[in-house]
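>>> sequence-free structure coming up:
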């Protein structure tokens, strides 16, 4: 295994209890010697929000890996940055790498760099991929920015590395698998949740999202919302979300204008990104605090409006589990093979190469219970 003097460290993990696993009775079973290292993990306590099927799937993967004992593996997990939305991902990835005794790092640019210069951050990810290839890594997990990372991912695949994307997919690249929510389905679920809070059609629903096709995942989530609302008879108006630093007022005011002028009148709002809380700000500025709102993600400002019941519910991606699954998948591919790993991931697999970890629907009345759940897995943002 090449190290090239680069600073790779073993990710710290928790020392946890060995997961119980059921083994089919067969006369050919060979017991693993006691001195062979095994993965030690403890399942998340069972709560209203614990993803039971997902936890059981990980248990099944652990059981298969434990049949032969742990083997050395070097990997790297690359994030867009290391705080806010991505902090739970880093927590999950570090924990899994510790349980696997894997060598590697969870890396990302500073939040300031990621915010100020997307181009520099993309270039940094490409360099980190090149470093991983040079240093002899066997697997890469990456939350890519966009197609500008595609060539580097393809280079890693050509060098024999398995690449697993998460949070954001590059479906046309040579990545091996994607781990995360299926965005169009998540959008449809958000629309269905909103329909439970607002009057039946007719009426206009403002969708704070991305109507372009340049950002595949963002547009897929938006299209999922639009299709579900359109099928139910609502008029929809897409408000293009503005992510530029210092442009929040511009973003909010464009929603205020639509609230005041929409025909038929606005009966609901849904934001599909982590800046969804801006929908609540816009409704207040337009003197329409009565508008039902559904948000996405768990930004602190979104939680504040959720607590005030100004946001009726939020759809939360399972960032911790994205981070936690990726090292296990990379390890499984390397040591028991891709097809065996996919078979064990079967309950979560969609279209042969998508690992659907689902989303959580958090109504305003349950925000405290959800906070408690996040606290149990160390995933508070």
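That came through fine. Note that the structure is predicted; figures quoted are calculated from it, not measured.

>>> after the helix or strand harbouring residue 184 comes which helix or strand?
Using DSSP states H and E, residue 184 falls within helix 183-195. Following helix 183-195 in sequence order, the next helix or strand is strand 204-209 (DSSP H and E).

>>> what's downstream of that following strand, the next helix or strand?
That would be, after strand 204-209 and using DSSP H and E, helix 216-231.

>>> For the helix or strand following that following helix, list every residue counted as buried.
Using DSSP H and E, the next helix or strand after helix 216-231 towards the C-terminus is strand 235-240. Using 16 or more other C-beta atoms under 10 Å as the test for burial, strand 235-240 gives 235, 236, 237, 238, 239. For the C-beta atoms, the positions are set from N, CA and C on the backbone; glycine is no exception.

>>> of the residues you listed, closest to residue 72?
residue 238 (49.4 Å; C-beta to C-beta).

>>> now the strands for the stretch 251-381 of the chain?
Using DSSP state E, counting those that start in this stretch, the strands of the stretch 251-381 of the chain run over 266-271, 293-296, 313-317, 349-350, 354-356, 359-363.

>>> Count the residues that sit near the nearest residue to residue 363 once chain neighbours are set aside.
In this structure, residue 363 finds its nearest non-sequential neighbour in residue 313, 4.6 Å apart by C-beta to C-beta, 6 or more residues apart in numbering. Counted with other C-beta atoms under 10 Å, the neighbours of residue 313 add up to 23.

>>> what's the answer for residue 180, then?
The burial count for residue 180: 27, using other C-beta under 10 Å.

>>> same thing with the one 3 residues further on?
Other residues near residue 183 number 22, with proximity taken as other C-beta under 10 Å.

>>> got it, and residue 177?
So residue 177, with other C-beta under 10 Å, has 25 neighbours.

>>> Could you do the one 10 residues further on as well?
By other C-beta under 10 Å, 29 other residues sit near residue 187.

>>> per-residue confidence for the nearest residue to it once chain neighbours are set aside?
Using C-beta to C-beta, 6+ apart and skipping the chain neighbours, the partner closest in space to residue 187 is residue 224 (2.6 Å). Residue 224 carries a pLDDT value of 98.

>>> Residue 224: what's it in contact with?
For residue 224, the contact set (C-beta atoms under 8 Å, 6 or more residues apart in numbering) comprises 183, 184, 185, 186, 187, 188, 189, 190, 191.

>>> List only those of the residues you listed flagged as buried.
Taking 16+ other C-beta under 10 Å as the criterion, what is buried in those is 183, 184, 185, 186, 187, 188, 189, 190, 191.
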